[in-house]
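A.B. asks: Make a model of this:
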Amino acid sequence: MGLWPQNLEIDQRFGYVGGEEEVVIAVDATGVKATNGREWMRKKRKDYIKIHIAVDTKTKQVLSVEVNDDRTNDGDNFVSLMKRAKKKAKVKKVLVDSECDYHKNFNFLTKDGMEAGIKVKGF
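C.D. replies: Residues are numbered from 1 along each chain as shown. Below you'll find the model as predicted:
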């Protein structure tokens, strides 16, 4: 395991100020280097932490965040990220890249009445 435990808990008490209207959210992830240069030279594999985030596209406010190690697939965090986001806002549509193109993610959105704006792999 890397430097960060799987599904590190983050304080989710962001000051989201949303109204009663439905929102469109964007979901994405990025990696942040977690080792210094000398450690990297001794290792064959780079250690990163991955930050997954869901943001209201209109207000640019954060609805949900998860931090994992570099072996976590973006699509695996999607449902838990969305469940947290839905506690703060009425989500109408979700925009996300092809890393979340999994049946379970489409099914989750459909079941909860959200429109899926997931880029399909290969298109």
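A.B. asks: longest strand in this structure, by residue count?
C.D. replies: strand 22-33 (DSSP state E).
A.B. asks: what lines up beside that strand in the sheet?
C.D. replies: Applying DSSP bridges, strand 22-33 is found paired with strand 48-56 (antiparallel), strand 90-96 (parallel).
A.B. asks: Which helix runs longest in the chain?
C.D. replies: When the chain is parsed with DSSP state H, its longest helix is helix 74-86.
A.B. asks: quick one on the thing from earlier: and the strands paired with strand 22-33, which is most packed in?
C.D. replies: Mean neighbour counts were compared across the strands paired with strand 22-33 using mean count of other Cβ atoms under 10 Å; the top stretch is strand 48-56, at a mean of 20. Any C-beta I mention is one placed from the backbone N, CA and C, and that applies to glycine too.
A.B. asks: After that one, which helix or strand is next?
C.D. replies: strand 62-69 (DSSP states H and E).
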